[in-house]
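A.B. asks: This is a predicted model, with the sequence first.
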Amino acid sequence: MKVSFKVNGQPRTVDVPGDMPLLWTLRDTLGLKGTKFGCGLSQCGACTVHFSGTAMRSCMTPISSCQGADITTIEGLSPDGTHALQRAWEELDVPQCGYCQAGQLMSASSLLAKNAHPTDAEIDDAMNENLCRCATYPRIRQAIHLAAELKAQSVQAGAPKAMKGGKP
């Protein structure tokens with residue numbers, strides 16, 4: 001089945017079985033390895049991507065449902081690592097094993113796109129379906145708050161601020 005859609009802003013057409021999960025299309029057909037396979041049951045969040053702006057699990061999404069969609073993967077969040085969340089994740093040393101982090105970042109960016117200054121409860125609610133084997137949840141929450149601050153600062157300044165000495 002031929003399916004045409006955008007991935008990280010680039011038009012793509014694939015010819016794969018219609019029931020092939022988006023995850024495997026991204027990883028095996030398009031070579032985008034940042035989106036991870038975790039459980040294959042849409043429960044852990046490692047495979048989270050943005051589907052037309054909304055965070056969703058790619059392991060259970062058939063490619064046939066992606067016709068005309070705009071998909072953003074971790075590679076498209078910010079290729080040079082300057083997204084506020086990527087900066088905050090690095091600043092606060094969030095990951096341990098790092099396996100879940102692409103999905104965590106994609107879910108967090110979806111949250112911040114909808115809510116520029118979430119509370120702890122709102123973060124917990126939005127992130128509760130993303131599992132982290134290393135239990136870095138407190139650092140994830142802290143990084144989301146820092147990213148919100150960094151985004152606010154960049155809006156005020158009109159450009160991203162460099163991190164210097166570990167401080168924005």
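C.D. replies: That came in fine, so what should we check first? Because the structure is predicted, anything quoted here is derived from the model rather than measured.
A.B. asks: so where do the helices sit in this structure?
C.D. replies: Using DSSP state H, the helices of the chain run over 22-24, 74-77, 84-91, 101-114, 120-127, 137-157.
A.B. asks: Contact partners for residue 45?
C.D. replies: 38, 57, 100, 103, 104, 107, 129, 130, 131 (Cβ atoms under 8 Å, 6 or more residues apart in numbering). To be clear about C-beta, it is placed using only N, CA and C from the backbone, and glycine gets the same treatment.
A.B. asks: so how far is residue 30 from the residue nearest to it when sequence neighbours are not counted?
C.D. replies: Sequence neighbours aside, residue 130 is the residue nearest to residue 45 in space, at 3.4 Å (criterion: Cβ to Cβ, 6 or more residues apart in numbering). According to Cβ to Cβ, to the nearest Å, residue 130 stands 23 Å off from residue 30.
A.B. asks: quick check: domain ranges of this structure?
C.D. replies: 2-77, 84-157 (automatic domain parsing).
A.B. asks: Low-confidence stretches in this protein?
C.D. replies: 159-168 (pLDDT under 70).
A.B. asks: Geometric centre of it: which residue is closest?
C.D. replies: residue 106 (1.5 Å; Cα atoms, centre = their mean).
A.B. asks: Could I get the contacting residues of that one?
C.D. replies: Residue 106 touches 48, 49, 50, 55, 72, 73, 74, 77, counting by Cβ under 8 Å, 6+ apart.
A.B. asks: how near is the closest residue to it other than its chain neighbours to residue 149?
C.D. replies: Here the nearest residue to residue 106 in space, its sequence neighbours aside, is residue 48; by Cβ to Cβ, 6+ apart that works out to 4.3 Å. According to Cβ to Cβ, residue 48 stands 23 Å off from residue 149.
A.B. asks: of the two, who's got more company?
C.D. replies: residue 48 (31 against 13; other Cβ atoms under 10 Å).
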